[in-house]
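1. Could you look at this predicted model? Sequence included:
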Amino acid sequence: MRVVLDTNVVVSALIWGGKPFALLQAAVDGELLLFTSPVLLAELHEVLSRGHLAARLENRRSSVERALASYARLAVSVTRLTVPRVVQDDPDYDHIIAAAVTAKAGCVVSGDRHLLAVQAYAGIRIVSPDEAMAMIGTAAP
């Protein structure tokens, strides 16, 4: 299954683990193909660089740069297309949709209520980490 992870899911995976981390592990195991974009990687860097998150990475004997590099190696970066306004309540999320369209992803995984409220766009499902984990059992990369 081809997937784009919202930055909030990647941060959650790298900092707290749980089901978001299981999604990263599924990609390592070849069960998912992850896609990102330069915009999403820049956003991930900005968020992970926030003091409290950078400190948590350091407590795990990592760093913002190592975490970002690991994720960048795991996910295929695509140069995004543009899409019309999709997420009315938060247009910043349109770049995630654009990356998913460019990657021909089957789903976007997010924890954001504005993005989850869209539910689907151009045949791409927008799901929570829990829903994505449930989908993995029947999906092939």
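-> Structure received.
2. Could I get the buried residue list for stretch 47-63?
-> 47-48, 53-54, 56-57, 62 (16 or more other Cβ atoms under 10 Å). For the C-beta atoms, the positions are set from N, CA and C on the backbone; glycine is no exception.
3. What is the lowest-pLDDT residue among the residues you listed?
-> Sorting these by pLDDT puts residue 62 at the bottom of the list (84).
4. In helices, which of the buried residues of stretch 47-63 fall?
-> 47-48, 53-54, 56-57 (DSSP state H).
5. what's the closest of those residues to residue 104?
-> Lowest distance from residue 104 to these (Cβ to Cβ) belongs to residue 47, with 26.0 Å.
6. Surely that closest one is in contact with residue 11?
-> Yes - using Cβ atoms under 8 Å, residue 47 is in contact with residue 11, at 5.5 Å.
7. what residues are shared contacts of the two?
-> Residues touching both residue 47 and residue 11 by Cβ atoms under 8 Å, 6 or more residues apart in numbering: residue 53.
8. pLDDT below threshold where in this protein?
-> Scanning the chain for pLDDT under 70 picks out 80, 82-86, 88-91, 138-141.
9. Need the phi and psi values for the closest residue to residue 76 other than its chain neighbours.
-> On the basis of Cβ to Cβ, 6 or more residues apart in numbering, the spatially nearest residue to residue 76 that is not a chain neighbour turns out to be residue 35, at 5.1 Å. When quoted as degrees, to the nearest 10, the phi and psi of residue 35 stand at phi -130, psi 150.
10. so how far is residue 54 from residue 35?
-> Distance, residue 35 to residue 54, by Cβ to Cβ, to the nearest Å: 25 Å.
11. can you check residue 47 too?
-> According to Cβ to Cβ, residue 47 stands 10 Å off from residue 54.
12. Pull the residues that contact the helix or strand harbouring residue 9.
-> If you go by DSSP states H and E, residue 9 is part of helix 7-15. Residues from elsewhere that reach helix 7-15 (Cβ under 8 Å, 6+ apart): 5, 18, 20-21, 23-24, 40, 43-44, 47-48, 53, 56-57, 67, 71, 109-112, 129.
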